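> dropping the sequence and predicted coords here.
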Amino acid sequence: MFTNFKRVLHFALTDLARNKGISIANIFILVVTISLFTMLFFMHGLSNEIIYQMQNKINITAYFKSDTSEQDILLAKEQILKQTNDIKSIQYVSKEDAADIFLEKYKNNDAFTDALAEVGDNPFLPSLNITTTGEPQQYEKVNIILQSEQFSDLIDQVDYPQKKNIIEKVFSITSTVNKFGIGLAVLFILISIMVVFNTIKLAIDSSKNEISTMRIVGASSWFVRAPFIIQGVIFGLISFIVCFFITMILIFFLSSKLQVTLAGFSLWHYLLSNIFVIILIQFGFGILLGGIASFVVVQKYLKV
Amino acid sequence: MIKFENVTKIYEPDMPALQDVSFEVKEGEFVSIVGKSGAGKTTLIRLILGLEKPTSGSIFFNGKNINGMNSTELQSTRRKIGAIYQDYKLLPTKTVYENVAYIMEIEGKADEEIATNVPKVLEAIGLVNKLNNFPHELSGGEQQRLAVARALVNFPDIIIADEPTGNLDPYNSYEVVSLLSKINKTGKTIILSTHDREIINKLGKRVITIEDGKIIRDDVKGRFII
Ligand SMILES: Nc1ncnc2c1ncn2[C@@H]1O[C@H](COP(=O)(O)OP(=O)(O)OP(=O)(O)O)[C@@H](O)[C@H]1O
Ligand SMILES: [Mg+2]
């Protein structure tokens, strides 16, 4: 058993050394494929981040009547939270806070600040800012609670009708992006599997006669197959190592350059926090694709 | 040891390569198969090794129907036979040494045994100075001798040789045939296909003559008669 393993390993390594050109071509194709997968993974992380940020920016606001006490509003907040678990965050903004926010926002625009001063009294209404955990329907449900009888004495108005459109638009964009992403990933995976299979097939095709000769002199299936599979796995292993270093180096340099463009998303951070997933993807794809492709291709020529 | 029972092999319709062939080769026999080019000698040998399936009839190796064997049994039968193919069937990406060693490696022979036997058999066949050459770097006759060395290295109980002297000069032909005779004297079975009249007449052993896929003669102490 051990002798056999030692022998097929020796065959695999000897062949590798004798066919350097083909070996390098196979490794190159695998490197390209694994890099594509890795890129896809980063794109997935980036688009998730963008979707997350976009959805976080959406909220609906319930404006309370001017004279509602803070106590009543906080009580209402508790009641709202009790009636639904769709809410991710609910934030109380007092009249004073609202004025401060306004002033901060327009501090360089005299027309607005002057206008506010003119009014004299604080014209802002206290409010609750609500963000839900996901779907657009959740905003509708929260809106129904807010508009219900129980709060009609307190709540002046809810801005849901004005925001309805934009909420739906954002969610339709994110779901399109998600679907497109999945489609693209599936397409990439299919194409690269086909490319790797074909490359390995071309390499093994040239050994077609040799495989049948090995069968003719009495070699068992595994004795013939194993060296090719070992070679495929070695191609995968080398490609994994190459890709891993390319990824580390590339992301390290790109990360700081692209951080501004990518809305604060740090590629380097993403890489570090997902390092095991990335290793698994690169290692798994390399070795499985290399090994399985070799197995399948040799299988065809074993029937002698 | 080997038995053909009413074997017919048809590659193309109405052009049978072998027709209703029956014969038996006993252990320790030296049987020559002669016949014109295209008579069906190679077909007969390929059938024994399970490389072709008979259209009808059965072939037995040590009492077992070759056609009924699964892949594992067939491979183990092939390992028991030292076969020399007309087209050599060498491994092009392996050196002379590795080609011969491969046969021992698939048998699971020990490394030390391989290291002593391979050079010995290559010495006997006159290729010891070409150990590290690849088959394409050898002359036709050298390739043929490598094919012979490969068939001998495991000391198989039966050697089946399809025109093993086709590419050899008279001297080397004589060497190969006397090697086969010597092996036969140790009790091993030999099946030899050839067109070489002189070899057959000198051997004075059993000769099966085929013509157009049919056995037309089977003589115990045969001569080359076509
Ligand atoms: N794979 C094949 N497909 C079709 N016909 C074949 C095939 N192999 C052999 N034949 C035919 O079968 C017949 C016998 O061929 P075979 O190779 O057995 O002859 P042979 O006696 O070995 O001849 P030679 O002395 O030239 O080697 C020939 O007519 C040949 O054309
Ligand atoms: Mg022939």
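Arrived safely. Source: prediction; values computed, not measured. Residues are numbered from 1 along each chain as shown, chains lettered A, B, ... in the order given. Ligands and ions are numbered 1, 2, ... in the order given.

> from here on, contacts and neighbour counts on C-alpha atoms
OK.

> so residue A:56 touches residue A:131, yeah?
Yes. Between residue A:56 and residue A:131 there is a contact at 7.0 Å, judged by Cα atoms under 8 Å.

> so between those two, which is more surrounded?
The residue with more neighbours, out of residue A:56 and residue A:131, is residue A:131; 22 against 15, by other Cα atoms under 10 Å in any protein chain shown.

> correct me, but residue B:65 touches residue B:59?
Yes. Here residue B:65 reaches residue B:59: they are 5.7 Å apart, a contact under Cα under 8 Å.

> out of these two, which sits in the busier spot?
Taking other Cα under 10 Å, residue B:65 and residue B:59 do not tie; residue B:59 has more neighbours (27 against 14).

> buried set for stretch A:30-42?
A:30, A:31, A:33, A:34, A:35, A:36, A:37, A:38, A:40, A:41, A:42 (16 or more other Cα atoms under 10 Å in any protein chain shown).

> what distance separates it from the middle of the whole chain?
In this view, stretch A:30-42 has its centroid 14 Å away from the chain centroid, taken as Cα atoms, centre = their mean, to the nearest Å.

> pretty sure residue A:233 is in a strand, no?
No. Counting by DSSP: H, G, I helix; E, B strand; the rest coil, one finds residue A:233 to be helix, located in no strand.

> tell me the strands in chain B, going along the chain?
B:2-12, B:15-25, B:30-34, B:56-61, B:64-65, B:81-84, B:158-162, B:189-194, B:206-211, B:214-219 (DSSP state E).

> in JSON lines, list these along with mean pLDDT and distance to residue A:257.
Formatted as JSON lines, the strands of chain B follow (pLDDT from 0 to 100; distance: least, Cα to Cα, whole Å):
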{"stretch": "strand B:2-12", "mean pLDDT": "93", "distance to residue A:257": "70"}
{"stretch": "strand B:15-25", "mean pLDDT": "93", "distance to residue A:257": "75"}
{"stretch": "strand B:30-34", "mean pLDDT": "95", "distance to residue A:257": "80"}
{"stretch": "strand B:56-61", "mean pLDDT": "96", "distance to residue A:257": "74"}
{"stretch": "strand B:64-65", "mean pLDDT": "94", "distance to residue A:257": "73"}
{"stretch": "strand B:81-84", "mean pLDDT": "95", "distance to residue A:257": "68"}
{"stretch": "strand B:158-162", "mean pLDDT": "96", "distance to residue A:257": "72"}
{"stretch": "strand B:189-194", "mean pLDDT": "95", "distance to residue A:257": "77"}
{"stretch": "strand B:206-211", "mean pLDDT": "94", "distance to residue A:257": "83"}
{"stretch": "strand B:214-219", "mean pLDDT": "92", "distance to residue A:257": "83"}
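
> nearest to residue A:273, of those?
strand B:81-84 (60.6 Å; Cα to Cα).

> dump the C-alpha coordinates for stretch B:2-17 into CSV.
In CSV, the C-alpha atoms belonging to stretch B:2-17 read as follows (Å, rounded to 0.1, in the frame of the first residue of the first chain):
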residue,chain,number,x,y,z
ILE,B,2,-5.2,-21.3,-23.1
LYS,B,3,-8.2,-22.7,-24.9
PHE,B,4,-10.1,-21.3,-27.9
GLU,B,5,-13.6,-22.6,-28.5
ASN,B,6,-15.2,-21.9,-31.8
VAL,B,7,-14.0,-18.3,-31.7
THR,B,8,-15.1,-15.9,-34.5
LYS,B,9,-14.1,-12.3,-34.6
ILE,B,10,-15.7,-10.0,-37.1
TYR,B,11,-14.5,-6.4,-37.3
GLU,B,12,-16.6,-5.4,-40.3
PRO,B,13,-19.6,-7.2,-41.7
ASP,B,14,-18.8,-10.1,-44.1
MET,B,15,-15.0,-9.8,-43.5
PRO,B,16,-14.3,-12.0,-40.5
ALA,B,17,-10.7,-11.7,-39.1
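
> run the contact check for it versus ligand 1.
Yes. Residues of stretch B:2-17 are located near ligand 1 by Cα under 6 Å from any ligand atom, namely B:11, B:17.

> buried residues, that stretch. List them.
Buried residues in stretch B:2-17, counted by 16+ other Cα under 10 Å: B:2, B:3, B:4, B:6, B:7, B:8, B:9, B:10, B:16, B:17.

> can you list contacts of that stretch?
Stretch B:2-17 has contacts (Cα atoms under 8 Å, 6 or more residues apart in numbering or on different chains) with B:18-26, B:38-40, B:43, B:53-63, B:212-213.

> next: stretch B:114-132.
B:95-97, B:100-101, B:104-105, B:142, B:145-146, B:148-149, B:152-153, B:176.

> alpha carbons of it, as CSV, please.
Extracted as CSV, the C-alpha positions of stretch B:114-132 are listed here (Å, rounded to 0.1, in the frame of the first residue of the first chain):
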residue,chain,number,x,y,z
ILE,B,114,13.5,-4.2,-9.3
ALA,B,115,16.9,-2.6,-8.9
THR,B,116,18.7,-6.0,-9.5
ASN,B,117,16.3,-7.6,-12.1
VAL,B,118,15.8,-4.7,-14.5
PRO,B,119,19.5,-4.1,-15.3
LYS,B,120,20.0,-7.9,-15.6
VAL,B,121,17.2,-8.3,-18.2
LEU,B,122,18.4,-5.3,-20.1
GLU,B,123,21.9,-6.7,-20.1
ALA,B,124,20.6,-9.9,-21.5
ILE,B,125,18.8,-8.1,-24.3
GLY,B,126,21.7,-5.8,-25.0
LEU,B,127,20.2,-2.4,-23.9
VAL,B,128,22.2,-1.9,-20.8
ASN,B,129,23.9,1.2,-22.2
LYS,B,130,20.6,2.8,-23.1
LEU,B,131,19.0,2.8,-19.6
ASN,B,132,18.2,6.5,-19.5
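
> flag every buried residue along stretch B:192-204.
Result for stretch B:192-204 [16+ other Cα under 10 Å]: buried residues B:192, B:193, B:194, B:195, B:199, B:200, B:203, B:204.

> coming back round to it: between the buried residues of stretch B:2-17, which sits nearest ligand 1?
Comparing those against ligand 1 with Cα to the nearest ligand atom places residue B:17 closest, at 4.3 Å.

> how about the secondary structure of the residue of the stretch 201-304 of chain A found nearest ligand 1?
Closest to ligand 1 within the stretch 201-304 of chain A is residue A:304: 13.5 Å, counting by Cα to the nearest ligand atom. Recorded secondary structure, residue A:304: coil (three-state DSSP).

> per-residue pLDDT of residue A:261, please?
For residue A:261, the model assigns a pLDDT of 67.

> before we move on, what about the one 5 residues further on?
The predicted local confidence for residue A:266 comes out at a pLDDT of 80.

> how about the one 3 residues further on?
The predicted structure scores residue A:269 at 84 on the pLDDT scale.

> ok, now which ones touch residue B:160?
The neighbours of residue B:160, taking Cα under 8 Å, 6+ apart as the test, are B:45, B:81, B:82, B:83, B:84, B:190, B:191, B:192.

> follow-up on the earlier one: need the max-distance pair from the buried residues of stretch B:2-17.
Within those, two members stand farthest from each other by Cα to Cα: B:2 and B:16, at 21.7 Å.

> residue B:95 and residue A:228: what is the separation?
Look at residue B:95 and residue A:228: by Cα to Cα, to the nearest Å, they are 18 Å apart.
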